[in-house]
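Visitor: after the sequence you'll find the predicted model.
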Amino acid sequence: MFGFLPYWELPDSSTTLRWDVLSTIAYFSVGTDASGNLLKQDPDGSSSTGWGGWTSSKMTSVITAAHQNGSRVVLTITSFAWTSGQQATQSALLGSPTARANLARQAAAAVRDRGADGINLDFEPIASGYAEEFTALVRSVRSELDAIAPGYQLTFDTTGYIGNYPLEAATAPGGADAIFIMGYDYRGTSSSQAGSISPLAGPVYDLTDTVNAYMARVSPSKLILGVPYYGRAWSTDTDALRATNISGTQYGTSVTTLYETAVDLAAQYGRRYDSVEQAPWTAYQKQTCTTTYGCVTAWRELYFDDAASLKLRYDLINRTGLRGAGIWALGYDGTRPELYQALADKFLLDTTPPVVGIIALAPVQRNLGFSVAWTGRDDSTIAGYDVQVAADGGAWTDWQTDTTATSAVFMGVDGRSYAFRARGRDSKGNISAWDVTSTSTAAPLAVGGFGTVQVDGLKLRAAAGTSAAILGTLNSGDVVAFTGGPASADGYTWYQVTAPVRQWSPVDPVQVGSWVAVGSATETYVTARVPINATSVAAVIRDYRVGDSSGLRIVTPNDPLPSSVAVSWTNAAALSELQLSVIRPDGGLVDARSIDRLAVGPQSIDWDGRVNGAALPSGVYLLQLTGRSGGVAVAAPSAAPMSPEIAALASVTVDARPGSTYVALPPTRLLDSRSGNGLSGAFGANVPRSFVVAGRGGVPTNAV
């Protein structure tokens, strides 16, 4: 947890430092001139504000408290290049080996003399053409720090857009330990629309895009993602979400707003939420009076981050395994505790439930039994899942309860439809809400529905229209969830989508708020499909049964009068091949033989417990049919080789001992769990008990 402490917040009595969640305090800042000299004095000879704060008694107290609590304090050295004057100064500094060496020596000495723990270099941006020289500066600072003592921390700051920052070279051995990504100011004063300054997702370049771009070049262990403790307000033409920016002299300029002020305004005017960019905002009317324009009233839209939205950004950090999180800036929350608590919840305590989703199912199942899988992620570990099923749009019912498994075989009924949903419980006891509420298995091409991409290279765009920015592409078979639209533009019908979705609700990262063309008058690019957590059963091998109508599933191949068990089914379509497999309870294949029962209609065979004429050893076996119809693999009762659900339907007991006898008995209660008949003491949960059957209820005393 890397927090910037600006010099102007240092003396503020409301600035609170919570040491249990802060691992590094970066004092901001001391500047440098073109010759590499730290700016310690103002032109009048007085101590500069930055240097005065660094050498103040207040900063001494911060350093002492940090070390008492196991935290670091580092000095931020700044050199900006946003204006032509700043560019000239930075270029002269970076372009001179003498100036770079001078800055490295002075910076290291400033850290040594204060008993601090490292340096943070804030060069934003790097002047064009000076990336290699910046790397040389980083390595020079490292060398000077190492000459004092090993273990000093060295970091440098970068913008959300990588630009010309030399990420790999500057973090190679002998360089910086980590990069602080400034995950904010994605919108500024002149942005055409109001919106989040740190959008987590959406049709604009966002935090998720930033993290992916950085991880493509350096290890996530070298990346710290900074988040804003401030927001930005714009004058806008309406109070609609992301309204048009009309900020200026007439209506009021756009300004930054510290968190402690932003949250008060949201409480006064109502907190709204941008579900695409995943950020809170509020809107209110404000009067601006000037000599030129008189008094005019306009809407004011303020976007910021609060504890809830910051937790989502911390989820991104945890999910991608980054080195940590950062803050600009400490003190911007005043005395309010909730932002510190959000850090503790995500990185110390874990009070957040898992995110869980059903992995995409095929729209139609060709087997009665089919695999349903689910997945999740959590700040800690997931200890168990609950999975429910709803048949034909009916009520949710429990299927799997507190299971550690991430898949199971569901035995469906031909002609019926099923929807599934899941939730998780983590090792800290946090339980997620059910990830889905709808039991629908319909396939509308409408908001709330899903679609399957039919072409490769379908473009995700920032808005509906062929001229909108391209944000990515989808390929044939990808699934989208429709969240907005429809809209017509440039001869196409467009929908806003979340894509690509692989689980529902999504667990893997997805692009939110993009637009795709679903088709034109002559072409179709996306077709409607059922929700990806839903499916229907249209089995090719139907009415599968092992055993007779009494349920008898025992064969005795070595008796004088050997028995067999009937296997019956119906082919709903002609098969090109079919085989009977005999499988052990551990899933091992015992035998697979082709059978000539390929025509449409009812079919049956008898199985005698033998393979190549020899009786199988005594035990339980599963009988499974597998085949092909129209090039599609089909099976009964399921393609899965063995599971408790399948065993209950298709297992056979082979008793290969010579002379064994089967004695048919009427239904008889041998054990009554209400009274413990035949056992001493009460039953206990999950405690196995043994019960003698021979000699009871008509069972012969010599039965084995």
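Guide: Nice, thanks for sending it over.
Visitor: CA atoms for contacts and neighbours, from now on please.
Guide: Noted.
Visitor: elements contacting the helix or strand of the chain with the lowest mean pLDDT?
Guide: Ranked by mean pLDDT, DSSP states H and E, the weakest helix or strand in the chain is helix 644-650, scoring a mean of 79. The contact analysis (3 or more CA pairs under 8 Å, 6 or more residues apart in numbering; DSSP states H and E) places helix 644-650 against strand 407-411, strand 541-546, strand 619-629.
Visitor: which one is residue 237 nearest to, not counting chain neighbours?
Guide: Among residues not flanking residue 237 along the chain, residue 244 sits closest, at 5.8 Å (CA to CA, 6 or more residues apart in numbering).
Visitor: can you show me the helices along the stretch 251-400 of the chain?
Guide: 259-269, 307-320, 338-344 (DSSP state H, counting those that start in this stretch).
Visitor: what does the longest one contact?
Guide: Around helix 307-320, the neighbours that count as contacts under CA atoms under 8 Å, 6 or more residues apart in numbering are 200, 208, 220, 225, 227, 278-280, 323-325, 338-339, 342-343, 346, 377, 379.
Visitor: list only those of these flagged as buried.
Guide: Neighbour counting with 16 or more other CA atoms under 10 Å marks 200, 208, 220, 225, 227, 278-280, 323-325, 339, 342-343, 346, 377, 379 as buried within the contacts of helix 307-320.
Visitor: these in strands, which ones?
Guide: Judged by DSSP state E, strands contain the following of those: 225, 227, 279, 280, 324, 325, 377.
Visitor: with distance to residue 65 and pLDDT added, can I get these in JSON lines?
Guide: What follows is those, written out as JSON lines (distance: CA to CA, whole Å; pLDDT from 0 to 100):
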{"residue": "225", "distance to residue 65": "25", "pLDDT": "98"}
{"residue": "227", "distance to residue 65": "24", "pLDDT": "98"}
{"residue": "279", "distance to residue 65": "34", "pLDDT": "97"}
{"residue": "280", "distance to residue 65": "34", "pLDDT": "98"}
{"residue": "324", "distance to residue 65": "22", "pLDDT": "96"}
{"residue": "325", "distance to residue 65": "21", "pLDDT": "97"}
{"residue": "377", "distance to residue 65": "36", "pLDDT": "91"}
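Visitor: need those in TSV with distance to residue 58, can you?
Guide: Output for these, formatted as TSV (distance: CA to CA, whole Å):
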residue	distance to residue 58
225	28
227	26
279	35
280	35
324	27
325	25
377	42
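Visitor: pull the most distant pair out of those.
Guide: Pairwise distances across these (CA to CA) peak at 24.1 Å, for the pair 280 and 377.
Visitor: which one of the helices and strands packed on helix 644-650 has the most crowded surroundings?
Guide: Highest mean neighbour count of these: strand 541-546, a mean of 22 (counted as mean count of other CA atoms under 10 Å).
Visitor: just the residues contacting that strand, thanks.
Guide: With CA under 8 Å, 6+ apart, strand 541-546 has contacts from 366-368, 414, 553, 565-572, 623, 634-637, 649-652.
Visitor: those residues in strands, which ones?
Guide: Going by DSSP E, the strands hold 565-571, 623, 634-636, 651-652 from the contacts of strand 541-546.
Visitor: looking at the residues you listed, which is nearest residue 132?
Guide: For the ones in strands among the contacts of strand 541-546, the nearest to residue 132 is residue 634 (60.8 Å; CA to CA).
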